[in-house]
Every structure is written in C-alpha cells, then in structure tokens.
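Asker: Take a look and give me a structure for this.
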Amino acid sequence: MTNPNINSFAVTQVAGQPDLQFQGSVVTARVSSNQATALVAGQAVKLENSGLQGLPNVLAITADTDKVFGIVLRNLKDQTFAAGHTVEIARDQSVVYLPASAAIARGAAVEIDYSTFQVTTWGGTNTCIGEAFDAAVNAGDIIRVWIKLPVVSTPAAAVVQVVDVTVAGVSGKSVKVLNYIARVAGNFATGTSVELESTNGTPVAVSTLAEAGLTDGAVLVPASANTTLGVGFGKAMGAGDGLKVVNNGTAQTGGTSIEFTIEYQQF
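Answerer: Purely as a prediction, here's the structure:
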C-alpha cells in the first residue's frame, strides 16, 4: 500500500485519508503522555480525562466497546504520532478512508477493530463509528466511512417479566432512537407484544416486538421478523419525553427477561 504522492497522476487511497469534499468536524488533539505506542493514521482513539483546557489528550482505544472520540487522520509529513505530538482527529460527519476486514454493504453501520484498525459490519455490541459510504467487496478494500459519533449507547435495565422500564427524559431535550438490540431469555407466552415507546401521556411507539419473536435466545434488532417499527423510530420525540418498555395484552408468563440496549441521541 503506497502513500499519497502529490506528484502522482493516480493516487492510491490509504487508511486515515479524509475525503475533502465532505466538510466534517476535525479537531486538533495531543497524543497523551500515557500512550506507549505511537498512533497511526486510521486508528481509533478515545478521549483522556486530563487537562481542563487547551488541546484534548487522546489515547488509542483498547477495546472494541470503548467510546470512540475520533479517527486519526493522515498528513503528508507524519505517518506516526508519538506521545506529546499533535494530531488531527476526524469526528462527526467527516468521511475517512479505512480498510475493511470483510465484505461490507454500502450504507451498513460499521465498527472498527481496536487492534487491526479495520472496519467491519456493526454486530450490535461494539461501538458503532458510522456507516459505509462505499461497499467493500473483499477484505483489505479501502472504503470511505461516514463518521457518526455523537451517539449515546446505554443498556436499559433488564425487563423481568416485562415490567415497565424507564429511561428518564431531560427537560427541554428530545430523544431520537437510532438503534436497539433486544436479547430475550426464556420463551414468553400469553401476552400479545412488548413495546418500546415514549413516556409521553400519549405514548409514541418506537418498536413493537410481537410475541412470536420473544423466544429464548432471540436477538431482535429493527430489521428482525416479528418487529414493527413505529413512527418514533429514528425521529425526535417530544421535548422532555423519555423511553419505556411496556407489555401489551395479558401478563407474560414463561419468559425470564428481555434486555434492551438502546442507542439514541438526546438534544
């Protein structure tokens, strides 16, 4: 893999290179003194909780579930960035070239491997860093990834026998649900469905999970069978509204729990 060369007629795209036609958010940071190994272009970093003002300090993520602050950008002078060096970090709405570890569909949500710096289709558990702006046909393909980071991932409490579970609203702020995972333990019976909805006095449905899908070991996402997305999915709900999970129909029997992990923006 070659570096971009300003004298080349045909430039090979490389990891950590931004697509400059997109005006995304790029911030200057400093590599933390606690970063033992130099950072490289295309590597995901997290924010270090140090310093009250000035440049933020960043560290390499060390787990695929770490909260990602951004992606290290390449420049024409430096290929590595040791502790103490300044570095440009691509954040929300930037588009960055990154290597794929496998085939990826265009538009698919993606995650990044903390050790290989390669992206793959988001599996629903690790941190999602954005979506594939290009398709990857083979492992090793360099594709553009649209970075989308200001997403809060929070596991709601387990819903034992589907009692109500609430994610509190914040006064003056709206919630927009972007994604969720519902993990089912036990075979639920006698009810009609389970619904994720707003806490408004007139609830807005986000997603309804039919009883037929509430089987032991099922992992349900928005595209799953037996799932009906409501008007509240991917849309800002009322100011101050939170989220809750409720049972529809007769009280459930047989099941043990449904654990929801909800990704949402609150603004």
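Asker: Relative to Gly107, how far out is the nearest residue to Leu220 once chain neighbours are set aside?
Answerer: Closest residue to Leu220 apart from its sequence neighbours, by C-beta to C-beta, 6 or more residues apart in numbering: Ala182 at 4.3 Å. Yep, even glycine has a C-beta here, placed from its N, CA and C like the rest. Separation of Ala182 from Gly107 (C-beta to C-beta, to the nearest Å) stands at 23 Å.
Asker: ok, those two, which is more surrounded?
Answerer: Ala182 (25 against 11; other C-beta atoms under 10 Å).
Asker: Was I right to think the more buried one contacts Val219?
Answerer: Yes - between Ala182 and Val219 there is a contact at 7.4 Å, judged by C-beta atoms under 8 Å.
Asker: which residues sit against stretch 97-107?
Answerer: Contact with stretch 97-107 is made by 13-19, 42, 71, 110, 112-113, 116-121, 131-145, as judged by C-beta atoms under 8 Å, 6 or more residues apart in numbering.
Asker: domains of the chain?
Answerer: Under the assignment automatic domain parsing, the domains of the chain span 26-147, 152-266.
Asker: ok, so what distance separates Glu125 from Thr65?
Answerer: For the record, residue 125 is Thr, not Glu. Per C-beta to C-beta, Thr125 is found 7 Å from Thr65.
Asker: try Thr80
Answerer: Computed as C-beta to C-beta, the Thr80 to Thr65 distance reads 25 Å.
Asker: Excluding sequence neighbours, find me the nearest residue to the spatially most central residue of the chain.
Answerer: By C-alpha atoms, centre = their mean, the chain has its centre lying nearest to Cys128, at 2.5 Å. Excluding the flanking residues, the one nearest Cys128 by C-beta to C-beta, 6+ apart is Trp122, at 4.6 Å.
Asker: Ser94 too?
Answerer: Closest residue to Ser94 apart from its sequence neighbours, by C-beta to C-beta, 6+ apart: Gly24 at 2.8 Å.
Asker: circling back to that earlier point, give me the beta-bridge partners of the residue nearest to Leu220?
Answerer: Beta bridges link Ala182 to Leu220, Phe260 when assigned by DSSP bridges.
Asker: from here on, count from 26
Answerer: I'll keep to 26 as the first residue from here, and by that count the last item is Ala207.
Asker: Do me a favour and get the end-to-end distance for stretch 62-71?
Answerer: Using C-alpha to C-alpha, to the nearest Å, one end of stretch 62-71 lies 14 Å from the other.
Asker: what mean pLDDT does it have?
Answerer: Averaged over stretch 62-71, pLDDT sits at 95.
Asker: Stretch 245-254 now?
Answerer: The average of the pLDDT scores along stretch 245-254 is 94.
Asker: Help me confirm that the residue nearest to Ser119 comes into contact with Leu174.
Answerer: No - Gly49 is beyond contact range of Leu174, at 10.3 Å (criterion: C-beta under 8 Å).
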